[in-house]
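Asker: here is my input, please return the structure:
(one chain, ligands or ions: 1)
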Amino acid sequence: MIYLDQNVSDYDNDFRTMIQAFIPREKIVLSEEGTRLTFRARLTEEQVELSLWENGEKIGEERADCYYPDKKTARNPIKAAAYYLLSRYCNKSLPWGSMTGVRPTKFATARLEEGWTEEEVIQEYEKQYLTTRQKGEICYRVAKREQELLQSFHFQEEYCLYVGIPFCLSRCLYCSFAAYPVSQYQNRIEDYLAALFHEIEYVAQAYKNKRLVAVYMGGGTPTSLSAEQLGRVIDKIYKEFDTQFVREFTVEAGRPDSLNREKFMVMKERPVTRISINPQTMNDKTLQFIGRNHTAQMTVDAFYQARECGMDNINMDMIVGLPKEGIEDIRYTLDVIRELNPESLTVHSLAIKRAAELNIQMQQYQDSIKGSTNEMLTLADQYASELGMQPYYLYRQKNIPGNLENVGYAKPGKECLYNVLIMEEKMDIIAVGAGTSTKLTFPEENRIERVENVKNVEEYIHRVDEMIARKEAGFQEKQF
Ligand code: SF4
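Answerer: Coordinates of the predicted model:
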């Protein structure tokens, strides 16, 4: 346990994030009892003094000259001081330096709008946030591509639809999504679809004056439905919504063990434009360990089958930092993916959320990490570039060890627009189904409102009218 001792709590969150980035998994508490280390922050209006203490002895200190009540000017130097202090103590550096937050590209986007050059942006990442040059570079590349992709949208007249199918075949060790085992929920699926269709009908009516531009079916794994059910959901969307402006329709076909020719044909015969077949890893041992009931060969077979059925925009998801995997395992996964030559590749750094089974086995997991996950990300970046892909979206999650990132790469014109739009938070994302979250934008007030649906399938079935009422209340605020 680490004692966070501060005379004012204005930077509490920043200190916690920095401590956790360097010393993950150690509990941060606000009293000294039973702690092994003290992180002390003394903030005055002239100076910020940070120090580390062990057994009553000071083992390091750092100062920043700044006026702490002005967060705009003081936050970066204070975080930098915390970074230097912890970096010396732990004898390590972090690729993202003192940069926290889920959208590290935001800074590059803002500077691009002000007309900064590439070199100026990268240097500022290194100077202000102490990132490596490579992280500054990728932020610049992503921000640039995002800017190009977003210029054709009219944020306030358009919207995206997310459809949640919260069923899956088996539960992966790291899964924190709403993913109910399809075998056990077989007799509830029809009731779920009835409730979902009811919510779809409401949204289609409520948003009839706006243009639907992108649809994303996720979950869970939507293809864990039968081919007939899958077809019915897509048909329902096309029946209820005006789809003449839809520019992409993605189905997360995630698990190869949920796929067959019939399902690919169902999607191909309907206007599904993009699917995702996710290996996560091409190493069978890891697949078995993480609870995915399929082999790497099944992923390869599913990919070729999708191609035979005419799918011409296929994404593949992979994860770096899986238990027991080292850089050579990642190289092998990337070699197989390169051979398949998908249109896009999404590289995730393993995030271990509270709800995941892996969280319970945390110590074992930590002991099994082999090598640097940042090196694995760099390798994936090289392969993506060899495949003719560019990075086009990047975000971080809270529970990624080392504060690392997730990156989406795509060949030009094959990007998932929905992924960019959800990240940008400038357009409404209306989400239907259990465990989904609607994002409503209020640009004049620089505000986002979320409207959540219940996670539990049974509750969703019974309380769908309440979910609709929640949406209705949110939509009323938008006044259209
Ligand atoms: S495939 Fe995805 S949704 Fe299904 S259990 Fe694994 S992580 Fe969860």
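Asker: in the protein, where is pLDDT below threshold?
Answerer: 353-369, 399, 401-402, 479-480 (pLDDT under 70).
Asker: measure how far the lengthiest helix in it is from the centre of its chain, please.
Answerer: When the chain is parsed with DSSP state H, its longest helix is helix 457-478. Relative to its parent chain, helix 457-478 has a centroid offset of 25 Å by C-alpha atoms, centre = their mean, to the nearest Å.
Asker: contacts for that helix, please.
Answerer: 166, 178, 180, 185, 188, 191-192, 194-196, 198-199, 202-203, 206-207, 428, 430, 433-435, 438, 440, 442, 449, 451-454 (C-beta atoms under 8 Å, 6 or more residues apart in numbering). Where C-beta positions appear, they are placed from N, C-alpha and C, glycine not excepted.
Asker: for ChimeraX, what selects the buried ones among those?
Answerer: Applying 16 or more other C-beta atoms under 10 Å to the contacts of helix 457-478 leaves a buried subset, and the ChimeraX line that selects it is:
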select :166,178,180,185,191,192,195,196,199,202,203,206,207,428,430,433,434,435,438,440,451,453,454
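Asker: next step: the contacts of helix 457-478 restricted to strands.
Answerer: Y180, D428, I430, T438, L440, F442, E449, V451, E452 (DSSP state E).
Asker: quick check: the two most widely separated of the residues you listed?
Answerer: Farthest pair in the ones in strands among the contacts of helix 457-478 (C-beta to C-beta) is Y180 and F442. Separation: 33.7 Å.
Asker: up against the ligand, what does the stretch 201-350 of the chain have?
Answerer: Remark: the part of the stretch 201-350 of the chain in contact with the ligand comprises G219, G220, T221, G254, R255, using C-beta under 6 Å from any ligand atom.
Asker: mind running it again at 8 Å?
Answerer: Those residues of the stretch 201-350 of the chain that sit near the ligand, judged by C-beta under 8 Å from any ligand atom, are G219, G220, T221, S224, G254, R255, N278, G291, R292.
Asker: roughly how far apart are H198 and T17?
Answerer: 41 Å (C-beta to C-beta, to the nearest Å).
Asker: show me where the stretch 1-150 of the chain has helices.
Answerer: All helices of the stretch 1-150 of the chain, identified by DSSP state H, counting those that start in this stretch, fall at 12-22, 71-90, 106-113, 118-129, 133-150.
Asker: okay, angle between the last one and helix 118-129 too, please.
Answerer: When you say that, I think you mean helix 133-150. Helix 133-150 and helix 118-129 are oriented at 120 degrees to each other (axes from the mean of the first three to the mean of the last three C-alpha atoms, to 10 degrees).
Asker: got a list of contacts for helix 133-150?
Answerer: With C-beta under 8 Å, 6+ apart, helix 133-150 has contacts from 95-97, 99, 104-105, 107-109, 112, 118, 121-126, 378, 381, 390-394, 407, 415, 417, 420-421, 423-424, 426.
Asker: and the buried ones among those residues, selectable in PyMOL?
Answerer: The buried subset of the contacts of helix 133-150, as determined by 16+ other C-beta under 10 Å, is captured in PyMOL by this line:
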select buried, resi 95+96+97+99+104+105+107+108+109+112+121+122+124+125+378+381+390+391+392+393+394+407+415+417+420+421+423+424
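Asker: circling back: which among the helices of the stretch 1-150 of the chain is found nearest to A41?
Answerer: A41 lies closest, by C-beta to C-beta, to one member of the helices of the stretch 1-150 of the chain: helix 12-22, at 6.2 Å.
Asker: and the closest one, what does it pack onto?
Answerer: Here helix 12-22 touches strand 2-6, strand 28-29, strand 37-43, helix 71-90, going by 3 or more C-beta pairs under 8 Å, 6 or more residues apart in numbering; DSSP states H and E.
Asker: buried stuff in that helix?
Answerer: Those would be D14, F15, T17, M18, I19, Q20, A21, F22, for helix 12-22 by 16+ other C-beta under 10 Å.
Asker: quick one: contacts for the fourth one?
Answerer: Okay, so that is M18. M18 neighbours (C-beta under 8 Å, 6+ apart): K79, A82, Y83, L86, S98, T100.
Asker: close enough to count as contact, the second one and G97?
Answerer: No: A82 is beyond contact range of G97, at 11.0 Å (criterion: C-beta atoms under 8 Å).
Asker: gap between the closest residue to E343 other than its chain neighbours and Y83?
Answerer: Leaving aside its chain neighbours, E343 sits nearest to K414 (3.9 Å; criterion: C-beta to C-beta, 6 or more residues apart in numbering). In this view, K414 and Y83 are 37 Å apart by C-beta to C-beta.
Asker: for the stretch 151-300 of the chain, what spans make up the strands?
Answerer: According to DSSP state E, counting those that start in this stretch, the stretch 151-300 of the chain carries its strands in the segments 158-165, 167-168, 180-181, 211-219, 248-252, 274-276.
Asker: need the ones you listed in JSON lines with distance to I468, can you?
Answerer: Supplementary listing: the strands of the stretch 151-300 of the chain in JSON lines, determined by distance: least, C-beta to C-beta, whole Å:
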{"stretch": "strand 158-165", "distance to I468": "15"}
{"stretch": "strand 167-168", "distance to I468": "22"}
{"stretch": "strand 180-181", "distance to I468": "22"}
{"stretch": "strand 211-219", "distance to I468": "18"}
{"stretch": "strand 248-252", "distance to I468": "23"}
{"stretch": "strand 274-276", "distance to I468": "29"}
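Asker: buried deepest among those strands, which one?
Answerer: strand 167-168 (a mean of 27; mean count of other C-beta atoms under 10 Å).
Asker: now the two most distant members of the residues of the stretch 201-350 of the chain next to the ligand.
Answerer: Taking C-beta to C-beta as the measure, these have their most distant pair in G219 and G291, spaced 16.4 Å apart.
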